[in-house]
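Asks: predicted coordinates and the sequence they were generated for:
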Amino acid sequence: MRLRTSLSLLAILSASCSWSQPDDTPDARSAETAGDVVNPPFGLTLDGIVKAVGDGKFSGSVLVAKGDEITLAKGYGLAHVASGRFNTSLTVFDAGSLAKTFTAIAILQLAEAGRLTLDDPLSKHFDDLPPEKGVITIDQILTHSAGFEQYHGGSDFSNLSREAALEEIFATPLKFEPGAHYEYSNSGHTVLAAIIEDISGQSWTEYLTARIFTPAGMEFTGFYGDERWKESGAAHGYENGSDRASPYSWSGPQWVLIGNGGLVTNVIDLFHWHRALQTGKLLSEPWLEELTQARLTSGGYLPNLYQGIREIPQDQITLSYFGWRWQDLDQVLILEKGGAMDYGHTALLRYEPELDVLIVILSNQWIEDANGNLLRVPLMDAIQAAVVREWRP
């Protein structure tokens, strides 16, 4: 998925002016939000935090769950401005680079089945590779240390075939020797998607549907153009105040996004997916540990993996196959992963293993706070602070 450049203050003001606030009273929302969950008393506290930090600008859905119990699952703002349709806990959004985590799970499922190893070089799966590409291992791609460029193709919606994507990726010089250090790459996960297809005999979208979405009970998760998204269930994306339509009308995903983006889901399905992972429905316990354990420490300061917003000292961050980062934040060890795409949708997930707490934020409008952070960042931090106060032993 594309990393987005910061909006100017003028653009932010313009967007906020064109975004008329909905009537968010209980009576106005009740007909559309029957699936929302606000479990008192803490759910009411969290709901108040989202409203206060969002300051009338946040548009999306938020979920907070501890173990199997959902404390908050609710939509805020509008899924479609022109019709006045509200976001709810069931509204679907483009999840951006969260798709990489699903690709990583698929690779580990194939490894668990003995159909590949994480030390496999690419030369085992592709013919006639340049020597410097052939020695790259699956492990190096999963940890973003293969040396691939960050992107290939054009925009998220460029019409790019599998053959053209792989040809471009393998013809482009590496940025560094494989395994030398970390640099985030969308292209690497596109290569992994091709491996998944070749081994499984299914397309990347078919494999994820059959082996991850279905066993996890993800009823509202899929890809662009799905009939389920026909206006009523999908959030329109808003970029600088412009309506960029919804995943129902978007084409693809093409091979610019295959393996690294194009996933459409909601907060409830991501909760089901998370519980399926934790209970062994997708990977056995040893392979789940393989998925989440720390793999690589960056040198110096590492910009936020998703938007380049925050800098985290090197002794506070390591990477995992999950595509998430382990981060020591306020003395609580967390896994965090985010995503964004060209048409205003963003995502941020945070899991605290010690407390067994999952926090999910999906949004359909690109809005920054006064400090230049995407609004999801201070919102996530405020929710986590409240979670720690409430649930830390």
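Replies: Arrived safely. Residues are numbered from 1 along each chain as shown.

Asks: contacts only, for Val387.
Replies: Contact analysis of Val387 by C-beta atoms under 8 Å, 6 or more residues apart in numbering lists 64, 352, 355, 357, 359. Glycine gets a C-beta too; all of them are placed from N, C-alpha and C.

Asks: got the phi and psi for it?
Replies: Torsion angles at Val387 (phi, psi; degrees, to the nearest 10) stand at phi -60, psi -40.

Asks: now do it, the pLDDT please.
Replies: Val387 carries a pLDDT value of 94.

Asks: next one: the one 3 residues further on
Replies: As summarised for this prediction, Glu390 has a pLDDT of 95.

Asks: let's verify it: helix, strand, or coil?
Replies: Secondary structure, DSSP: H, G, I helix; E, B strand; the rest coil: Glu390 is helix.

Asks: what about it, neighbour count?
Replies: 16 (other C-beta atoms under 10 Å).

Asks: ditto for Asp226
Replies: Neighbours around Asp226, by other C-beta under 10 Å: 16.

Asks: I figured it was touching Ser246, is that so?
Replies: No: between Asp226 and Ser246 there is no contact under C-beta atoms under 8 Å: 10.7 Å.

Asks: excluding residues flanking it in the chain, which one is nearest the residue nearest the centre of the chain?
Replies: In the chain, the centroid-proximal residue (C-alpha atoms, centre = their mean) is Leu98; its distance is 2.4 Å. Nearest non-adjacent residue to Leu98, counting by C-beta to C-beta, 6 or more residues apart in numbering: Gly339, 4.6 Å away.

Asks: how about the strands in the stretch 151-300 of the chain?
Replies: Per DSSP state E, counting those that start in this stretch, the stretch 151-300 of the chain has strands spanning 222-223, 238-239, 242-243, 263-265, 296-297. These are given in chain order.

Asks: element containing Ser61, please.
Replies: strand 60-66 (DSSP states H and E).

Asks: helices and strands around that strand, which ones?
Replies: Here strand 60-66 touches helix 42-54, strand 69-76, helix 267-278, strand 357-363, helix 376-391, going by 3 or more C-beta pairs under 8 Å, 6 or more residues apart in numbering; DSSP states H and E.

Asks: what sits up against it?
Replies: Contacting residues not belonging to strand 60-66 are listed as 43, 46, 50, 70-77, 87-89, 91, 93, 235, 266-268, 270-271, 274, 346, 355-365, 376, 379, 383, 387, 391 [C-beta under 8 Å, 6+ apart].

Asks: just the buried ones out of those residues, please.
Replies: Among those, those that count as buried by neighbour count (16 or more other C-beta atoms under 10 Å) are 43, 46, 50, 70-77, 87-89, 91, 93, 235, 266-268, 270-271, 274, 346, 355, 357-365, 376, 379, 383, 387.

Asks: contacting residues for Thr91?
Replies: 61, 75, 79, 233-235, 266, 362.

Asks: and the least confident of those residues?
Replies: Lowest pLDDT among the contacts of Thr91: Gly233, 83.

Asks: low-confidence ranges in the stretch 1-150 of the chain?
Replies: 1-34 (pLDDT under 70).

Asks: identify the residues contacting the residue nearest to Ala165 when sequence neighbours are not counted.
Replies: Spatial nearest neighbour of Ala165, excluding adjacent residues (C-beta to C-beta, 6+ apart): Trp255 at 3.7 Å. Trp255 makes contact with 153, 160-162, 164-166, 190 under the criterion C-beta under 8 Å, 6+ apart.

Asks: residue with max distance from the center of the protein?
Replies: Outermost in the chain, C-alpha atoms, centre = their mean: Asp128 at 33.2 Å.

Asks: and that residue, that one's in a helix?
Replies: No: under three-state DSSP, Asp128 falls outside any helix and is assigned coil.

Asks: so it versus Ala193, what's the distance?
Replies: Distance, Asp128 to Ala193, using C-beta to C-beta, to the nearest Å: 20 Å.

Asks: also Leu283?
Replies: From Leu283 to Ala193 the distance is 18 Å (C-beta to C-beta).
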